[in-house]
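**Student:** Fold the following.
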Amino acid sequence: MKLLFLILMALAAVSLTSCKPTPITGQIFIASSSGIATPIQNVQILLIDSKEADDFLNGRKLESQKQTSLLAAQIEQLKTERNAAEAFYAKITVSNSVYLASRTFTNDPRYVTLVDESNKKVQTMQTLTNSIAALKSKYGEPPQIGIGHYTQEQLNAFTAETEDAQRIKSLRERTRQIANELESLTRKIQNEKNTNAVTAKQKADDIDDKVKAANDSLASLKTPYFYLGGFSPKPIEMLLTDDKGNFVINQPKSHAKIFAKINLEDSKSSYYWLVDLPTQGEKLSLSDGNAFKEPLQ
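**Tutor:** Below you'll find the model as predicted:
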């Protein structure tokens, strides 16, 4: 009886030993541009539940599809706006060229107002000049101080002549100012036209920037980072690689996956791995060659 008990205990021990999962060994490394494989140490290797990984990736896939649809519609709308902005810029550029070449700016209310003022002052000066000529013709040149004897009428005429001459001087100065203002106004109107063209061009360029940003966002939806950058699964087993990049999963489970990620500061590159467990007895190699690269289809 005792012998039978020992035999049963031995069989149970053998059975338990045969059911114990075989550890999985692996290594993580990145190949350099020269082809040399560099092992990466202190990388966190996680054994995780396959369902958790699948659910997360499916969620990211749905989010990618949603964002892709929205961005695609946005890009099409921006392209329509860009075509309209480009057409407006072309139109305003041609219009400006014709406007300036034909001196249409002389119809500008500001320009007309200044020209009208100048013309009126020229007319006033001409009237005053005629008046002075008439006074001189009748009374002669204004007298020098203390010389001669003149009637009050002559003195009044000489005073009027002097005052008219002073008014002509003031009017002439104002007409010179108006001439300068007209020249400045011409440049101002030209600058306004050019500014309008620049503004129109800037609007087209701003839309280009928005299109680029939308395309960049669209491209980001296909990156490994979008799919796995925010993945923080609950590990069944967790360990770190040694100085040779080696690791051992001691308690592999059925329906489990291995997840790992690294960020290389030197090359500013990120790699993600989400792989099934290898066939029993095979060594698992995690490299840039089998890192997660393509989005889910």
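**Student:** what are the ranges of the helices in the chain?
**Tutor:** Secondary structure of the chain by DSSP state H: the helices cover 2-19, 50-101, 109-139, 152-220, 224-228.
**Student:** Dump the ones you listed into JSON lines; add mean neighbour count and mean pLDDT as well.
**Tutor:** The way it works is simple: take the backbone N, C-alpha and C, and place the C-beta from them, glycine included. Converted to JSON lines, the helices of the chain look like this (neighbours: other Cβ atoms under 10 Å; pLDDT from 0 to 100):
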{"stretch": "helix 2-19", "mean neighbour count": "9", "mean pLDDT": "51"}
{"stretch": "helix 50-101", "mean neighbour count": "14", "mean pLDDT": "92"}
{"stretch": "helix 109-139", "mean neighbour count": "14", "mean pLDDT": "88"}
{"stretch": "helix 152-220", "mean neighbour count": "14", "mean pLDDT": "88"}
{"stretch": "helix 224-228", "mean neighbour count": "18", "mean pLDDT": "93"}
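**Student:** And these: which comes nearest Pro252?
**Tutor:** helix 50-101 (12.1 Å; Cβ to Cβ).
**Student:** what distance separates the closest one from the centre of its chain?
**Tutor:** Centre-to-centre, helix 50-101 and its host chain are 13 Å apart (Cα atoms, centre = their mean, to the nearest Å).
**Student:** cool, stretch 121-131 as well?
**Tutor:** Centroid displacement of stretch 121-131 relative to its chain, using Cα atoms, centre = their mean, is 62 Å.
**Student:** what's Lys138 in contact with, if anything?
**Tutor:** Residues counted as contacts of Lys138 (Cβ atoms under 8 Å, 6 or more residues apart in numbering) are Ala157.
**Student:** For Thr241, give me its contacts.
**Tutor:** Thr241 touches Gln27, Ile28, Pro39, Ile40, Gln41, Asn42, Val43, Ile45, Phe247, counting by Cβ under 8 Å, 6+ apart.
**Student:** try Leu135
**Tutor:** With contact set as Cβ under 8 Å, 6+ apart, Leu135 has these partners: Ala157, Phe158, Ala160, Glu161.
**Student:** Check Leu218 too.
**Tutor:** Leu218 touches Gln67, Thr68, Leu71, Ala72, Ile75, counting by Cβ under 8 Å, 6+ apart.
**Student:** With distance to Val112 added, can I get those residues in a markdown table?
**Tutor:** Listed next are those as a markdown table, based on distance: Cβ to Cβ, whole Å:
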| residue | distance to Val112 |
| --- | --- |
| Gln67 | 57 |
| Thr68 | 57 |
| Leu71 | 52 |
| Ala72 | 52 |
| Ile75 | 47 |
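**Student:** Just give me the closest of those to Ser102.
**Tutor:** Distances from Ser102 to the contacts of Leu218, taken by Cβ to Cβ, are shortest for Ile75, at 40.6 Å.
**Student:** Name the nearest residue to that closest one, ignoring sequence neighbours.
**Tutor:** For Ile75, ignoring the flanking residues on the chain, the nearest one in space by Cβ to Cβ, 6 or more residues apart in numbering is Ala214 at 4.9 Å.
**Student:** gap between the one you found and Leu78?
**Tutor:** 7 Å (Cβ to Cβ, to the nearest Å).
**Student:** I'd say Ile168 and Met125 touch.
**Tutor:** Yes. Using Cβ atoms under 8 Å, Ile168 is in contact with Met125, at 5.2 Å.
**Student:** Count residues in the vicinity of Gly140, would you?
**Tutor:** Applying other Cβ atoms under 10 Å, we find 12 residues neighbouring Gly140.
**Student:** if I look at the one residue sitting closest to the centre of the chain, how far off is Gln202?
**Tutor:** Of all residues in the chain, the one closest to the mean position by Cα atoms, centre = their mean is Asp209, 4.8 Å from it. Going from Asp209 to Gln202 by Cβ to Cβ gives 10 Å.
**Student:** that older thread, how about the contacts of Leu135 in TSV, adding distance to Leu240?
**Tutor:** Output for the contacts of Leu135, formatted as TSV (distance: Cβ to Cβ, whole Å):
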residue	distance to Leu240
Ala157	114
Phe158	112
Ala160	109
Glu161	109
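**Student:** okay, the helices of the chain in TSV with distance to Lys293 next?
**Tutor:** Output for the helices of the chain, formatted as TSV (distance: least, Cβ to Cβ, whole Å):
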stretch	distance to Lys293
helix 2-19	37
helix 50-101	14
helix 109-139	64
helix 152-220	14
helix 224-228	6
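**Student:** quick one: which of those is nearest Gln280?
**Tutor:** helix 2-19 (12.8 Å).
**Student:** And stretch 86-103, how far out from the chain middle?
**Tutor:** Distance, centroid of stretch 86-103 to centroid of chain: 28 Å (Cα atoms, centre = their mean).
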